[in-house]
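Participant: next one to model:
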Amino acid sequence: MAKRKKELTATIKLQAPGGQATPAPPIGPALGQHGVNIGQFVQQFNAATTALNGMPVSVVINVYSDRSFDFVVKSPPASVLLKEAAKIAKGSGVPNKEKVGAVTKEQLRSIAERKLPDLNAHNIDAAERVVAGTARSMGIEIVD
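Facilitator: Okay, the predicted model is just below:
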């Protein structure tokens, strides 16, 4: 008898702290309603993201008909990377009037290179413009 291909039943997108995920909300309830073994996911996710040490990362989880799963870890959000580069706690409430920090073009380029696989940009220059837009909306200036 031929092997049957597993059928995809759900795709779940979450943000979780790299290397420090727990079965608590939002992870537990999101996975539990699809019948996924939450402890197994948390263990595999933490093993795969130990280097990120608490930095929030996006994860896309594919759940199959036999309740098995696989997941893809994306890069951290651009806003988190920009806050880290500018050494600020949070973005500006009024970004067009109040600037809270600055990043150099080199820092912007390195963030764009890290984010490139997850962005809908075709080259590094387009990715830089996307990250620069995020910086502007956070009240972070780009300096030479």
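Participant: tell me what the lengthiest helix in the chain is packed against?
Facilitator: As assigned by DSSP state H, the longest helix anywhere in the chain is helix 124-138. With contacts taken as 3 or more Cβ pairs under 8 Å, 6 or more residues apart in numbering; DSSP states H and E, helix 124-138 sits against helix 78-86, helix 105-115, strand 140-143. Heads up, the C-betas are built off the backbone N, CA and C, glycines and all.
Participant: residues in contact with it: which ones?
Facilitator: 78-79, 82-83, 91-92, 95, 100, 103, 108-109, 111-113, 115-116, 119, 121, 141-142 (Cβ atoms under 8 Å, 6 or more residues apart in numbering).
Participant: again with stretch 28-36
Facilitator: By Cβ under 8 Å, 6+ apart, stretch 28-36 touches 9-10, 12, 14, 38, 41, 61, 63, 67, 69.
Participant: may I ask which two of those are separated the most?
Facilitator: 14 and 67 (17.5 Å; Cβ to Cβ).
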